[in-house]
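Asker: This is the structure alone, sequence omitted:
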């Protein structure tokens with residue numbers, strides 16, 4: 001069971017928190033700036049620290065103030081890892097939301113805005129999807 005699982009790392013321009021929010025869903029929260037120089041470090045941290053029983057992920061972007069194409073690349077990688085409709089984007093600011101809308105990610109992810117949405121989304125039986 002992953003509930004309560006918590007790992008974090010501060011990489012200078014970006015801080016990452018990875019936590020378990022349900023038995024099969026984890027949440028990665030990105031704070032700061034996600035650019036090309038951070039992609040490999042962020043990807044490696046997520047890959048090495050995501051529990052094997054995770055079948056879905058929520059990416060929290062409330063405190064992400066900048067993201068370039070490397071952030072879109074990271075989200076594509078997470079979509080590939082978890083599968084279609086098993087990745088949710090939580091509270092992306094207006095500029096980042098626009099970047100995500102024009103990418104081809106919007107058909108493969110769920111955009112959620114409030115805590116109640118997270119609560120509903122994290123308990124969906126992802127194995128049945």
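Answerer: That came through, no problem. Every value quoted in this text rests on a predicted model; they were computed, and no experiment measured them. Residues are numbered from 1 along each chain as shown.
Asker: How about the contacts made by the residue minimising distance to the centre of the chain?
Answerer: Centroid-nearest residue in the chain, with CA atoms, centre = their mean: residue 59, separated by 2.1 Å. Each residue near residue 59 by CB atoms under 8 Å, 6 or more residues apart in numbering is listed here: 27, 28, 29, 30, 75, 78, 87, 88, 89, 90. (C-beta placed from N, C-alpha, C; glycine too.)
Asker: Please repeat the previous calculation with a cut-off of 10 Å.
Answerer: Applying CB atoms under 10 Å, 6 or more residues apart in numbering to residue 59 gives the contacts 27-30, 46, 71, 74-75, 78, 87-92, 109.
Asker: Let's see which of those residues end up in helices.
Answerer: Judged by DSSP state H, helices contain the following of the contacts of residue 59: 46, 71, 74, 75, 78.
Asker: In a markdown table: those residues, plus neighbour count.
Answerer: A markdown table is the format used below for the ones in helices among the contacts of residue 59 (neighbours: other CB atoms under 10 Å):
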| residue | neighbour count |
| --- | --- |
| 46 | 22 |
| 71 | 27 |
| 74 | 21 |
| 75 | 23 |
| 78 | 21 |
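Asker: Take those and write them to a markdown table, including distance to residue 52 and pLDDT.
Answerer: Shown next, in a markdown table, are the ones in helices among the contacts of residue 59 (distance: CB to CB, whole Å; pLDDT from 0 to 100):
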| residue | distance to residue 52 | pLDDT |
| --- | --- | --- |
| 46 | 13 | 97 |
| 71 | 25 | 95 |
| 74 | 20 | 96 |
| 75 | 21 | 95 |
| 78 | 15 | 95 |
